[in-house]
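Asker: Build me a structure from this.
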Amino acid sequence: MSEYDGISITVLTGLEAVRKRPGMYIGSTGERGLHHLLSETVEKAATEVLHGRARTVDVTLLADGSARVTHDGLYRHSPAEELMVMPTSWRPTGGRHSIGVLRVGLFVVNALSDRLVAEERRDGVTVRQEYSRGETVTAPHPTDVLTGGTGSDIGTGTTIVFRPDPAIFGAVSFDRAALAARFRELAVLNRTLELTLTDERGTAPHAERFHAPGGVREYLATLGADPAEAVIVEREDPRMSGSMEIAIAPSGPDGPQLAEFANSFRTHGGTHVQGFRDGVAAALGADARPTAVVSVKLDAPEFEGSCRDVLGNGAVRACVAEAVQHALETWR
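Answerer: Down below sits the predicted model:
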């Protein structure tokens, strides 16, 4: 505690800060925050796939309210380091090959779970560690008792099982439909990614697989447009230190729709959208309103707005505009 002009100020750090002010880290203690914990864990595993350190990610919703996330590779850093060290930055490493832009880390997932188990299988040996509300219950130790999941019966694999703390979240129930929608987005934005979602909470397990080798073209159907009529823009552009993948099609019965992403994170405007609209206007006229999916992946994304969801990289606008105009003029 410190004083400033006679006012006492308590500075919270580490676990205490996360548990007393969870909304500062995950947005809320309702469904949004609950899904943030799972997204944090899933997107970290998916990033390992994009870096070539894993092939598949399996997500299971368990009957006791826990979620299990597994992949058949290994984290770049050990789970113990990720779970116990609070990140000094909320920005991910890895640039365009990382999913998400405001990652809070497994430390926050651990702190807000009443139970978390991490297993890492390397060269046929599984090391297990357990935590409760961020505190160590058992230190990393070899084990033959596995929680299951990808990699448990082969040479490598990583499993994180966590149960959000009811003392913080109240009712703990993941929305399968909302999770499936997000996993579908991740699959179309990252062609090499293969995700499965299994729900074991009902009388019979329900499983879905998400893999989209056709990329963003496949997402047009979700927006009411015909993927067969799509114009596809794919370009790597060093001027914006990144790449773009854009699908454009005539609008369906529901009118023009636009889905926009930066580093697989859903945005609400920014230079990539401005560039897209500039390119469409130059090629088709100012009144043209096609349906589109606009996805850019940048080495160093910059975000603006109160929710940090507006892309601000200046060079992106001209690069996207040029690519969209060229593709539409060639198609026309």
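Asker: residue closest to the middle of the protein?
Answerer: Nearest to the geometric centre of the chain sits E43, at 4.0 Å (Cα atoms, centre = their mean).
Asker: and the helix or strand where that residue lies, what's its mean pLDDT?
Answerer: E43 belongs to helix 31-50 when assigned by DSSP states H and E. Averaged over helix 31-50, pLDDT sits at 91.
Asker: Strands of the stretch 51-200 of the chain, start to end?
Answerer: Secondary structure of the stretch 51-200 of the chain by DSSP state E, counting those that start in this stretch: the strands cover 56-61, 67-71, 113-122, 125-132, 135-142, 157-164, 194-199.
Asker: Within its sheet, name the partner strands of the first one and how each one runs.
Answerer: Using DSSP bridges, strand 56-61 pairs in its sheet with strand 67-71 (antiparallel), strand 194-199 (parallel).
Asker: cool, the longest one as well?
Answerer: Strands adjacent to strand 113-122 in the sheet, as given by DSSP bridges, are strand 125-132 (antiparallel), strand 157-164 (antiparallel).
Asker: before we move on, back to that, pretty sure the residue nearest to the centre of the chain sits against G105.
Answerer: No: taking Cβ atoms under 8 Å as the definition, E43 is not a contact partner of G105, at 11.2 Å. Using the backbone N, CA and C atoms, a C-beta is placed for each residue, glycine as well.
Asker: Dump the strands of the stretch 51-200 of the chain to TSV, plus mean neighbour count and mean pLDDT.
Answerer: Formatted as TSV, the strands of the stretch 51-200 of the chain follow (neighbours: other Cβ atoms under 10 Å; pLDDT from 0 to 100):
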stretch	mean neighbour count	mean pLDDT
strand 56-61	24	97
strand 67-71	24	95
strand 113-122	22	92
strand 125-132	18	92
strand 135-142	11	90
strand 157-164	25	94
strand 194-199	20	97
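Asker: Make CSV out of the ones you listed and add distance to S264.
Answerer: Shown next, in CSV, are the strands of the stretch 51-200 of the chain (distance: least, Cβ to Cβ, whole Å):
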stretch, distance to S264
strand 56-61, 13
strand 67-71, 16
strand 113-122, 24
strand 125-132, 28
strand 135-142, 31
strand 157-164, 20
strand 194-199, 12
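Asker: Distance to P142 for the strands paired with strand 113-122 - can I get that in TSV?
Answerer: Formatted as TSV, the strands paired with strand 113-122 follow (distance: least, Cβ to Cβ, whole Å):
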stretch	distance to P142
strand 125-132	6
strand 157-164	15
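Asker: low pLDDT regions in the chain?
Answerer: Along the chain, the model assigns pLDDT under 70 to residues 1-13, 76-94, 100-103, 145-155, 332.
Asker: What segments of it are helices?
Answerer: Per DSSP state H, the chain carries helices over the ranges 14-20, 23-26, 31-50, 79-84, 106-111, 166-169, 176-189, 271-284, 314-331.
Asker: out of these, nearest to P238?
Answerer: P238 lies closest, by Cβ to Cβ, to one member of the helices of the chain: helix 314-331, at 9.4 Å.
Asker: which parts of that closest one are buried?
Answerer: By neighbour count with 16 or more other Cβ atoms under 10 Å, helix 314-331 contains the buried residues 315-325, 327-328.
Asker: Export only the CA atoms of that helix, formatted as CSV.
Answerer: Output in CSV follows, covering the C-alpha atoms of helix 314-331 (Å, rounded to 0.1, in the frame of the first residue of the first chain):
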residue,chain,number,x,y,z
GLY,A,314,-1.3,2.6,-42.1
ALA,A,315,0.4,0.7,-44.9
VAL,A,316,-2.3,-1.9,-45.0
ARG,A,317,-4.9,0.3,-46.6
ALA,A,318,-3.0,1.0,-49.8
CYS,A,319,-1.8,-2.6,-50.1
VAL,A,320,-5.3,-4.1,-49.7
ALA,A,321,-6.8,-1.5,-52.0
GLU,A,322,-4.4,-2.2,-54.8
ALA,A,323,-4.8,-6.0,-54.5
VAL,A,324,-8.6,-5.8,-54.4
GLN,A,325,-8.8,-3.4,-57.4
HIS,A,326,-6.5,-5.5,-59.5
ALA,A,327,-8.4,-8.7,-58.7
LEU,A,328,-11.8,-7.3,-59.5
GLU,A,329,-10.7,-5.5,-62.7
THR,A,330,-9.2,-8.8,-63.9
TRP,A,331,-12.4,-10.7,-63.0
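Asker: Alright, I will stop here.
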